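1. Here is my input, please return the structure:
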Amino acid sequence: MMRTSEPPRDDYLIRCRKLGHEVPFSYCRCESNGLPCFKTIDCWYDHFLVEDLLRRELNAVDWGRAFEKPPKPKVLTLVDLIEQAKRSDKI
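-> Below is the predicted model of the structure:
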């Protein structure tokens with residue numbers, strides 16, 4: 001079977017490594033404030049030519065913002081999530 005750079009339909013789901021449940025590609029391509037999740041290429045490369053598609057869709061600045069910045073350390077992510085939970089608990 002030839003792989004294509006055409007993304008799968010929204011009824012095709014894979015497990016999100018960040019969320020822990022299944023999501024469509026349409027979620028991954030705009031998960032980060034309108035930009036793709038930094039894990040999108042890693043997660044979807046087995047399913048279609050995702051990097052080809054994203055390189056065509058994103059300009060150089062957005063590509064850099066999405067894929068070339070270092071990921072936030074997990075400890076900081078956990079601290080942020082705890083702070084968000086504390087704030088939402090007070091509401």
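2. drop to CA atoms for contacts and neighbour counts, all remaining ones
-> Will do.
3. Spell out the secondary structure type for residue 30.
-> Secondary structure for residue 30, judged by DSSP: H, G, I helix; E, B strand; the rest coil, is coil.
4. Also residue 23?
-> At residue 23 the chain is in strand, as set by three-state DSSP.
5. what do you get for residue 19?
-> Under three-state DSSP, residue 19 comes out as coil.
6. Please name the residues that touch residue 37.
-> Residue 37 is in contact with 28, 29, 30, 31, 66, counting by CA atoms under 8 Å, 6 or more residues apart in numbering.
7. That one belongs to a helix?
-> No - assigned with three-state DSSP, residue 37 falls outside any helix and is coil.
8. Just the buried ones from the contacts of residue 37, in PyMOL syntax?
-> The buried residues among the contacts of residue 37 can be selected in PyMOL (16 or more other CA atoms under 10 Å) with this line:
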select buried, resi 28+29+66
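9. Quick one: the helices in this protein, in order.
-> Assigned by DSSP state H, the chain shows helices spanning 25-28, 40-44, 50-57, 60-67, 74-90.
10. Pull the last one out as CSV, backbone CA atoms only.
-> It stands for helix 74-90. Provided in CSV are the C-alpha atoms of helix 74-90 (Å, rounded to 0.1, in the frame of the first residue of the first chain):
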residue,chain,number,x,y,z
LYS,A,74,7.5,17.1,32.6
VAL,A,75,7.9,18.5,36.2
LEU,A,76,6.9,22.0,35.0
THR,A,77,4.0,20.6,33.1
LEU,A,78,2.8,18.7,36.3
VAL,A,79,3.2,21.9,38.4
ASP,A,80,1.1,23.8,35.8
LEU,A,81,-1.6,21.2,35.9
ILE,A,82,-1.7,21.2,39.7
GLU,A,83,-2.0,25.0,39.7
GLN,A,84,-4.8,24.9,37.2
ALA,A,85,-6.6,22.2,39.3
LYS,A,86,-6.3,24.3,42.4
ARG,A,87,-7.7,27.4,40.6
SER,A,88,-10.6,25.5,39.1
ASP,A,89,-11.4,24.0,42.6
LYS,A,90,-11.8,27.5,44.0
